[in-house]
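K.L.:
Can you look at this prediction? I've put the sequence above it.
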Amino acid sequence: MDLHEATAQEIQLELIRRASFNEFDGPRVAADLQSHRELWVAALMNREDLITLRDLPRLWHVDTLWIIPARGKEAELWSLAAQWSIDEIDWIGGELGCRLLGFWDRERRQDQQQILRLWWD
């Protein structure tokens, strides 16, 4: 697919594919996500600092994968992700999850799903 035709999510999956390091197998994670598209709404890999920006001329330096699961597919997504040699896996929800996703009003917060957070050292 031409880069100009790719969606932002497709570009993000390609960046995940390129981000292999230590126990993180980017090609496997990206392929699993693509082949199990029914389990998730959105996936993003980044860091909580600016090391990615610092290293961008050389590589895509990230360590945390954030995934919004499809409703009712949380357990299946967890089971899939647990196969990826992760160092930490947890759900982020409630007030923190809402704040991270930029939901400020109560009505939107009550409807918001959790976020699956995966981290590799």
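P.N.:
Structure received.
K.L.:
Please count neighbours and contacts with C-alpha atoms only from this point.
P.N.:
OK.
K.L.:
Report the contact partners of residue 84.
P.N.:
Listed by CA atoms under 8 Å, 6 or more residues apart in numbering, the contact set of residue 84 reads 24-25, 28-29.
K.L.:
Leaving out sequence neighbours, find the closest residue to residue 73.
P.N.:
residue 39 (5.4 Å; CA to CA, 6 or more residues apart in numbering).
K.L.:
hmm, back to that, please check the contacts of residue 84 and keep the buried ones.
P.N.:
24-25, 29 (16 or more other CA atoms under 10 Å).
K.L.:
name the element residue 100 belongs to?
P.N.:
In this assignment (DSSP states H and E), residue 100 forms part of helix 94-101.
K.L.:
Which other helices and strands does that helix contact?
P.N.:
helix 106-111 (3 or more CA pairs under 8 Å, 6 or more residues apart in numbering; DSSP states H and E).
K.L.:
average pLDDT for the helix it packs on?
P.N.:
Mean per-residue pLDDT for helix 106-111: 58.
K.L.:
helix or strand right after that helix?
P.N.:
Trace forward from helix 106-111 with DSSP H and E and the next one is strand 115-119.
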